[in-house]
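>>> sequence first, predicted model second:
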There are 2 protein chains.
Amino acid sequence: MIQAAAKRIGSKAIRTPLLSSPFLDEIAERKVYVKAECLQHTGSFKFRGGWSAVSAIPEADRKCGVIAFSSGNHAQGVSFAAKEHGIPAVIIMPSDAPKIKIENTKAFGAEVVLFDRFNDDRLEIANKANAGRNMTLIQPFDNNEVIAGQGTVGLEIAEQANDANIDAADVLVCCGGGGLTSGIALALERDAPSYTMRTCEPAGFDDVARSLVAGEIKQNAPATSICDAILTPQPGDITFPIMKRLCGTGHVVTEDECLHAMALAFERLKIVIEPGGAAALAAALFHSKDSDNDTMIAVATGGNVDAAIFQMALDKYGSKA
Amino acid sequence: MIQAAAKRIGSKAIRTPLLSSPFLDEIAERKVYVKAECLQHTGSFKFRGGWSAVSAIPEADRKCGVIAFSSGNHAQGVSFAAKEHGIPAVIIMPSDAPKIKIENTKAFGAEVVLFDRFNDDRLEIANKANAGRNMTLIQPFDNNEVIAGQGTVGLEIAEQANDANIDAADVLVCCGGGGLTSGIALALERDAPSYTMRTCEPAGFDDVARSLVAGEIKQNAPATSICDAILTPQPGDITFPIMKRLCGTGHVVTEDECLHAMALAFERLKIVIEPGGAAALAAALFHSKDSDNDTMIAVATGGNVDAAIFQMALDKYGSKA
């Protein structure tokens, strides 16, 4: 399915580069590569899953359009993929989602339906929006076509790492519901089986790390974090068994480590990453000294960050001229 | 020579992606692509020319090392290329160059010799540093091997634009001495002859635009600009005849347009560009409405910008959440 998704996506997705800097290697005391998926269309890997899911809908059903729930990156990925296919998209977003993400989703041509997450029933709102329309629901991670689309990141990592003569590595992935992690894990199982997959989550949202230890799905207690892109309550029913079979121990990073990684990515790689998209680089830089591998490949999953938060990272951790 | 340089560089340089965003297309009222050369090793395209020149030195002379004058990106590009070849580099830098650029150049393994540009004779300092060492001088732009290395950007643009089915386009290049512009122009003359090359310079440093109009080399009057990477007094003796033969009219952009382009590149493309590296994107966004082509390909030449200047761009032109 990943191969098929890659074929359908073709040159529609950016083949994002594998970046590196001797300055980052020095901090990590090993070789660090960054798969810069923040450069993907819509600013995150979510475009791949969106394109894969939209393009997998049978022709007859496609014109009815698609519907999705999301407060951010999945919303933009699905909207843009739908727009490029010339079909309608309805995105159900919480009314307190960042205004800029709501505006971007609308700008990608989607019909945005807002709901009050404290008083409304999200599903009821969605059913109402879909009444008589028969739109296809695209789940953010527990969806085989979405996982296959995200898995195309894994195909590229295997090819690019092979070009760079990397025999063994930890592959570190910022993890929310596990769609990207499980997709990459499946791709690497075939194409780079000697690599070790490891999830990276912010403190307080380490449901996947704890679930992997327990061998069963664990939930997070209510909490807040600046890593908005990867704050899911628990791993998915489809994604968890894949992660359980293919992932090593999970990393847990602090918000400050994410901000520090953002400033270093600005300074050394010239890319913009959002807090949740910096978790894997933070783990590579600050938590990998116990690894058996001397090469880290961190996926920078997204770059949709407000200027104010980015400036906070630079204020706190940027070099002074 | 460009083909040969590409062969020597091989996978040592990042194949930088061609990025785009519908939001930028809307501003420019045409399709805008950005060749993100800020993602290149050392944060600018200069690594390509550095690698090309170092790798072209005959084996017997190579161990003596290389010497270059530079206050910034060329210093870093040459140092890193020399380091990767395992040979020494001496870089003559003005003592008032940004501290961080001096530190980076040292970190890339170069021996940095500082000079006082108001009281010292730069050539005398260089001759003293090179006494009895027989190091090869690598000029920043008036050097055939350097031009050939920068020209590999043009080979990639032609391939990537062909993949994107672009038949005709303006190719906009941030221009200092003209090494990159003339290299790309030569590559496209063969691989994409229907494209129009156009230089982009900051106001007050439009020596190339004026020289192209006059048909002979013109100089800039003394001035200052935040676009430090492309402030050369006049086009090169080797580069100007190439540009004269192959380039259309030059664009001149303001500092504010560069800051605006930097903020838009942050928000829409998730890349970090420095003021001088933003001149081409600024021209594509704000100055291309008179063009015959409906597609603009802007080269984002570098990303070596201090946090303070980057924050100024975001303060002035970043979207408020």
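Yep, it's here. Residues are numbered from 1 along each chain as shown, chains lettered A, B, ... in the order given.
>>> surely A:G277 touches A:I309?
No. Taking CB atoms under 8 Å as the definition, A:G277 is not a contact partner of A:I309, at 11.8 Å. Quick note: C-beta positions are derived from backbone N, CA and C, even for glycine.
>>> and the two? Which one has more around it.
The neighbour comparison of A:G277 against A:I309 (other CB atoms under 10 Å in any protein chain shown) goes to A:G277, with 33 against 15.
>>> what sits against that one?
Shown in contact with A:G277 (CB atoms under 8 Å, 6 or more residues apart in numbering or on different chains): A:37-38, A:44, A:174, A:229, A:300-303, A:305.
>>> ok, and which of these reach chain B?
A:38, A:303 (CB under 8 Å from any CB of the partner chain).
>>> and which of the contacts of A:G277 is nearest to chain B?
Using CB to the nearest CB, A:G303 comes nearest to chain B of these, at 3.4 Å.
>>> state the distance from that closest one to A:T239.
For A:G303, the distance to A:T239 equals 23 Å [CB to CB, to the nearest Å].
>>> A:K99 too?
Taking CB to CB, one finds A:K99 at 30 Å from A:T239.
>>> show me chain A divided up by domain.
A:2-45+A:143-317, A:46-137 (automatic domain parsing).
>>> for those, give me JSON lines that also has mean pLDDT.
Formatted as JSON lines, those follow (pLDDT from 0 to 100):
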{"stretch": "domain A:2-45+A:143-317", "mean pLDDT": "96"}
{"stretch": "domain A:46-137", "mean pLDDT": "93"}
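>>> most tightly packed of those?
domain A:2-45+A:143-317 (a mean of 22; mean count of other CB atoms under 10 Å in any protein chain shown).
>>> just the terminal-to-terminal distance for that domain.
End-to-end distance for domain A:2-45+A:143-317: 38 Å, by CA to CA, to the nearest Å.
>>> ok, stretch A:218-230 next?
By CA to CA, one end of stretch A:218-230 lies 16 Å from the other end.
>>> which other residues reach it?
A:44, A:71-73, A:98, A:174-176, A:201-207, A:210-211, A:231, A:233-234, A:255, A:258-259, A:274-277, A:279, A:301-302, A:304, A:309.
>>> mind running it again at 6 Å?
A:73, A:174, A:176, A:202, A:204-205, A:207, A:210-211, A:231, A:233-234, A:255, A:274-276, A:302 (CB atoms under 6 Å, 6 or more residues apart in numbering or on different chains).
>>> how about the residues of the stretch 201-321 of chain A near chain B?
For the stretch 201-321 of chain A, the residues in contact with chain B (CB under 6 Å from any CB of the partner chain) are A:266, A:270, A:272, A:303, A:306-307, A:311, A:314, A:318-319, A:321.
>>> let's go with 8 Å and repeat that
A:263, A:266-267, A:269-273, A:303, A:306-308, A:310-311, A:314-315, A:318-321.
>>> ok, now the stretch 51-200 of chain A?
Going by CB under 8 Å from any CB, the residues of the stretch 51-200 of chain A near chain B are A:80, A:98-100, A:107-108, A:163-164.
>>> those residues: which two are farthest apart?
Farthest pair in these (CB to CB) is A:K99 and A:D163. Separation: 41.3 Å.
>>> all strands of chain A, in order?
A:18-19, A:31-36, A:66-69, A:89-94, A:111-115, A:136-137, A:170-174, A:196-202, A:251-253, A:295-300 (DSSP state E).
>>> closest residue of the stretch 151-300 of chain A to chain B?
A:K270 (3.4 Å).
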